[in-house]
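Novice: no FASTA, just this:
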């Protein structure tokens with residue numbers, strides 16, 4: 001809460017040396033001197049006398065240091081009272097959750113942080129995975145939802161909201177349980193030769209467009225069929241009924257009971273994370289900042 005210049009001043013006064021203060025602050029002595037010179041210029045007083053042995057507080061410096069210690073203590077107490085007030089009031093984060101984009105990805109990640117940030121609570125807000133509702137749901141960020149969780153890699157989606165990548169899902173293939181390939185534990189690319197492989201329509205997700213280009217160039221024997229730009233439950237139903245294979249994610253293994261999700265001998269991943277409004281509230285911004293700090 002105190003300015004950086006003032007905090008540097010307090011540290012130099014306690015250390016009696018620009019160099020020792022710089023080591024504790026993990027900056028250069030030149031940076032420390034710059035802050036002190038700027039503070040002296042702003043106040044119009046000399047705070048330290050300098051000599052070869054170090055620095056000594058002037059009369060003005062001693063006065064400022066004594067009052068500064070009181071201010072630092074008051075600032076620390078004020079910050080602690082603010083934290084206690086926030087914890088008492090609680091902060092509710094509304095998290096959208098659907099079959100394809102469940103909130104558990106976020107709540108599991110947050111669990112180890114819960115004790116450190118007890119003021120945050122989640123309210124799960126369900127929604128339906130339909131093509132018609134998709135952009136309405138994103139448009140409701142900041143109104144009906146604070147956060148959406150899932151694999152959001154399309155250009156249109158990322159243009160409509162801010163996002164934070166939390167990790168990556170493995171790209172897999174879902175096979176109807178009645179299909180001969182369902183008995184395998186892992187698919188080789190040759191297993192897909194002659195098979196119809198359904199994926200999202202080209203043009204909206206650059207990562208999957210590149211994947212399709214590479215696959216068609218190296219393995220033209222795989223018959224790629226394009227669905228819509230986004231999956232919904234009907235996409236899974238259609239593949240189960242037609243016997244086609246579906247390009248999917250390991251996170252969607254439980255979406256359809258009649259499809260078996262299998263890893264494939266390739267190294268492709270899709271990012272997953274959270275979406276939040278372009279202009280989020282202060283509470284949501286702080287929550288996202290906490291998450292981001294854990295990922296750094």
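Specialist: That came through, no problem. Treat the numbers as computed from the prediction; the structure is a model and nothing was measured.

Novice: of all the residues in stretch 175-193, which ones are buried?
Specialist: 175-176, 179, 187, 191-192 (16 or more other C-beta atoms under 10 Å). To be clear about C-beta, it is placed using only N, CA and C from the backbone, and glycine gets the same treatment.

Novice: quick one: list the elements packing against the host helix or strand of residue 7.
Specialist: In this structure, residue 7 sits in helix 4-15 according to DSSP states H and E. In terms of contacts (3 or more C-beta pairs under 8 Å, 6 or more residues apart in numbering; DSSP states H and E), helix 4-15 is packed against helix 18-25, helix 29-43, helix 59-89.

Novice: mind putting those in a markdown table, distance to residue 110, mean neighbour count and mean pLDDT included?
Specialist: As requested, those are exported to a markdown table (distance: least, C-beta to C-beta, whole Å; neighbours: other C-beta atoms under 10 Å; pLDDT from 0 to 100):
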| stretch | distance to residue 110 | mean neighbour count | mean pLDDT |
| --- | --- | --- | --- |
| helix 18-25 | 32 | 18 | 87 |
| helix 29-43 | 36 | 15 | 90 |
| helix 59-89 | 16 | 13 | 81 |
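
Novice: between these, which gets nearest to residue 263?
Specialist: Nearest to residue 263 among the helices and strands packed on helix 4-15 is helix 59-89 (43.3 Å), distances taken as C-beta to C-beta.

Novice: circling back to that earlier point, tell me which of the helices and strands packed on helix 4-15 sits nearest to residue 103.
Specialist: Between residue 103 and those, the shortest separation by C-beta to C-beta is 22.6 Å, and it involves helix 59-89.

Novice: what segments of the stretch 51-200 of the chain are helices?
Specialist: 59-89, 104-110, 131-139, 155-160 (DSSP state H, counting those that start in this stretch).

Novice: can you lay out these as CSV showing distance to residue 278?
Specialist: Below are those laid out as CSV (distance: least, C-beta to C-beta, whole Å):
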stretch, distance to residue 278
helix 59-89, 25
helix 104-110, 19
helix 131-139, 10
helix 155-160, 8
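
Novice: closest to residue 259 out of the helices and strands packed on helix 4-15?
Specialist: helix 59-89 (44.5 Å).

Novice: and the angle from that closest one to helix 4-15?
Specialist: 120 degrees (axes from the mean of the first three to the mean of the last three C-alpha atoms, to 10 degrees).

Novice: packing partners of helix 59-89?
Specialist: Going by 3+ C-beta pairs under 8 Å, 6+ apart, helix 59-89 lies up against helix 4-15.
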